[in-house]
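Chemist: Pasting a predicted model and its sequence here:
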Amino acid sequence: MFPFEHLVVIWIVASIIQKVSKIKISRLGWALLFFGALLPDVDYLFVWISNSPIHRTFTHSFVFVILGFFVSYFILKQYKLEKESIFFSIGIFSHVILDMFIFPGLMLFWPIGTLFSFYGLTNLFVMPVVTIGTLHLYVKWLLFDIVLGVVWLSYLYFKGKINF
């Protein structure tokens, strides 16, 4: 999925959590949710630098969700904000779940090499061939992501929630 889709989905999920549980998410909690929702794609940097196919491996696994929780917990504990660390791991978890909608999937149980998606399992070494049709679909989704971002920001602007 594209970055803005991850942000919109975590915003919707967190808004529902706030309404259902009557918990008020702090600004730090929102920042951790949004940062966590984008962090798993940090592996793109390593793909671009090393040209290795590591995207959707470690950073898209349950190991990373748990590690993210503990790292944020111990950092935030120094400021007596350890309860906020759950938001960071919820953000990462939402990213992982959303990326399971994209074929061929991700290494949910890293380092086990099987890719999991909502469409089934894929062997790590069986990757789809990139075709013109695939690229065309990717561009369509990218345009959808841009439009979604503009609509969301426009909504927030007209509701007076953000100013430019």
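Modeler: Received, thanks. All figures in this text were calculated on a predicted structure; none of them were measured in a lab. Numbers count the residues shown, from 1 in each chain.

Chemist: Output the longest helix belonging to the chain.
Modeler: helix 132-158 (DSSP state H).

Chemist: List the buried residues in that one.
Modeler: Asp145, Gly149 (16 or more other CB atoms under 10 Å). The way it works is simple: take the backbone N, C-alpha and C, and place the C-beta from them, glycine included.

Chemist: packing partners for the worst-scoring helix or strand of the chain on mean pLDDT?
Modeler: Ranked by mean pLDDT, DSSP states H and E, the weakest helix or strand in the chain is strand 120-122, scoring a mean of 71. If contacts are counted by 3 or more CB pairs under 8 Å, 6 or more residues apart in numbering; DSSP states H and E, strand 120-122 sits against no helix or strand.

Chemist: Point out where this protein drops to low pLDDT.
Modeler: Residues of the chain that meet the criterion pLDDT under 70 lie in 123-132, 134-135, 138, 162-164.

Chemist: again, only using 50
Modeler: 164 (pLDDT under 50).

Chemist: any chance you could map the helices in it?
Modeler: 3-21, 27-38, 43-50, 62-77, 85-99, 132-158.

Chemist: Thank you kindly, that will do.
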